[in-house]
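Engineer: Model the following, please.
(chains A and B)
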Amino acid sequence: MPADQHDITEILQSWRGGDAEAIERLFPLVYDELRRQAKRYLQRERSDHTLQPTALVHEAYMKLAGESALAVESRVHFYGLASRVMRRILVDHARVHTAEKRGGAAQRYSIENIDIIPEQSAGDLLLLNDALQKLEQIDERKCRVVDMRFFGGLKEAEIAEVLAINEKTVRRDWQFAKLWLFRELSCGN
Amino acid sequence: MIDWQKVDEGVAAAVEIETVRRSAWLDNFCAGDHNLKREIESLLAFESEANGFLEQPFGPHAAALLESEGNEFVGKAFGNYDVIREIGHGGMGTVFLARRNDGEFDQLVALKIVRQSIAESHMIERFRHERQILASLNHPNISLLLDGGVSQAGEPFLAMEYIEGEPITDFAREKNCWWLSG
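Structural biologist: I've put the predicted structure just below:
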């Protein structure tokens, strides 16, 4: 159920007031808003089939935060959260998608070889998500870096700000996460 | 139990070291901890392969994934065609990319379907009329009508030649067509 602007402003205020948990309460709101934005975006940009996560996240932010005019640092934190939400949305979609494909209706035809069908992406994404969840157990921050860079399209400087680390550490986390995830996906199964 | 802090440190430092000198460096770094060395080496083994991995944000895939979802027609059959994904939609119906499913030959088509909810008698009449007009048109600049029919649920559809390109509105906007200005 979409919350009204009042709820959102309140959450954002307590978040600004130092309540770190408040941002978690934003999760479902951001989820709904990002989905709405994605839908609109896809209808508008249908011709080239690209979807810029950063643009989506930005629009969701504008919509949700609206006039409450957050400080720049809060905005960056919002982007950090939105990256995680983005992964969740895509994973949820991929689950539904692969489940449908396994269902009766899909048996009638075989289209695995058409690359415009995101069959492959859906399967890959679910595997990547499993691997990310394992990585999160080992090192949560590295998982956040992947969320922000890969799912949120954030820049190194922005990621550094969200995580309060320097850019060099972001690069190092990224490098490690890539190696770890690649190994997990190559050998993990 | 592996000390991930150490693995992290070791990997970060080792990638800066020439490959030929790594093993010796690692021996020193791991100080006899074979598990640690094995772990670091097994990660470093993927260094070149993992180079481009995840470097492109998920954007374009996300679009394809989100787009294939939530559409009741995707995956369904209309006559001899299976709907793959939506291409666009207008007032009367939606156009999908579809593929011939009878195995006679392989063909991608643009499938236009009138939604059942708006497939009332006059709409169906208009759609049939459009289909009839299209059937009589034969021009290289007009996509060819290939087939038509009615789905089991009663939705009329037509299959047209599938042509890759940009929407005419985008094309016109780019060319600054007078009828779009102002």
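Engineer: contacting residues around B:I40?
Structural biologist: Contact analysis of B:I40 by Cβ atoms under 8 Å, 6 or more residues apart in numbering or on different chains lists B:7, B:10-11, B:14, B:26, B:30. Backbone N, C-alpha and C define where each C-beta goes, glycine included.
Engineer: Pick out whichever of those sits closest to B:L43.
Structural biologist: Among the contacts of B:I40, B:V11 lies closest to B:L43 (Cβ to Cβ), at 5.5 Å.
Engineer: what about the helix or strand hosting that closest one, near chain A?
Structural biologist: Using DSSP states H and E, B:V11 sits in helix B:4-14. Yes. Using Cβ under 8 Å from any Cβ of the partner chain, we find that helix B:4-14 touches chain A at B:4, B:8, B:11-12.
Engineer: Does that helix pack against any helices or strands, and if so which?
Structural biologist: helix A:167-187, helix B:19-30, helix B:34-44 (3 or more Cβ pairs under 8 Å, 6 or more residues apart in numbering or on different chains; DSSP states H and E).
Engineer: and which of the contacts of B:I40 is nearest to chain A?
Structural biologist: Set against chain A, the nearest of those by Cβ to the nearest Cβ is B:V11 (5.5 Å).
Engineer: close enough to count as contact, the closest one and B:A45?
Structural biologist: No. The pair B:V11 / B:A45 is not scored as a contact, 11.2 Å apart, by Cβ atoms under 8 Å.
Engineer: which one of the two has more residues nearby?
Structural biologist: B:V11 (20 against 14; other Cβ atoms under 10 Å in any protein chain shown).
Engineer: ok, the more buried one - contacts?
Structural biologist: A:175-176, A:179, B:40, B:43-44.
Engineer: And those, which two are furthest apart?
Structural biologist: Most distant of the contacts of B:V11, by Cβ to Cβ, are A:Q175 and B:I40, 12.9 Å apart.
Engineer: How about A:W180: what's its closest non-neighbour residue?
Structural biologist: Nearest residue to A:W180 in three dimensions, chain neighbours excluded: A:L135, at 5.8 Å (Cβ to Cβ, 6 or more residues apart in numbering or on different chains).
Engineer: That neighbour: which element?
Structural biologist: Using DSSP H and E, A:L135 maps to helix A:119-138.
Engineer: so after that helix, what's the next helix or strand?
Structural biologist: helix A:140-146.
Engineer: any idea how far the closest residue to B:D147 other than its chain neighbours lies from chain A?
Structural biologist: Spatial nearest neighbour of B:D147, excluding adjacent residues (Cβ to Cβ, 6+ apart): B:A159 at 4.1 Å. Applying Cβ to the nearest Cβ, to the nearest Å, the value for B:A159 to chain A is 15 Å.
Engineer: among the contacts of B:V11, who's most crowded?
Structural biologist: B:I40 (25 neighbours).
Engineer: Mind pulling up the pLDDT for the closest residue in space to that one that isn't next to it in sequence?
Structural biologist: Excluding its sequence neighbours, the residue lying closest to B:I40 (Cβ to Cβ, 6+ apart) is B:G10, at 4.3 Å. In this model, B:G10 is scored at 96, pLDDT.
Engineer: Just give the number of residues close to residue 157.
Structural biologist: You didn't say which chain, so I picked chain A. 11.
Engineer: oops, chain B please
Structural biologist: B:F157 sits with 24 neighbouring residues when counted by other Cβ under 10 Å.
Engineer: for it, helix, strand, or coil?
Structural biologist: Following DSSP: H, G, I helix; E, B strand; the rest coil, B:F157 is assigned to strand.
Engineer: what is the closest residue to B:L134 other than its chain neighbours paired to in the beta sheet?
Structural biologist: Nearest residue to B:L134, sequence neighbours excluded (Cβ to Cβ, 6+ apart): B:L145, at 4.4 Å. Under DSSP bridges, the beta-bridge partners of B:L145 are B:M160.
Engineer: I appreciate the help and will end here.
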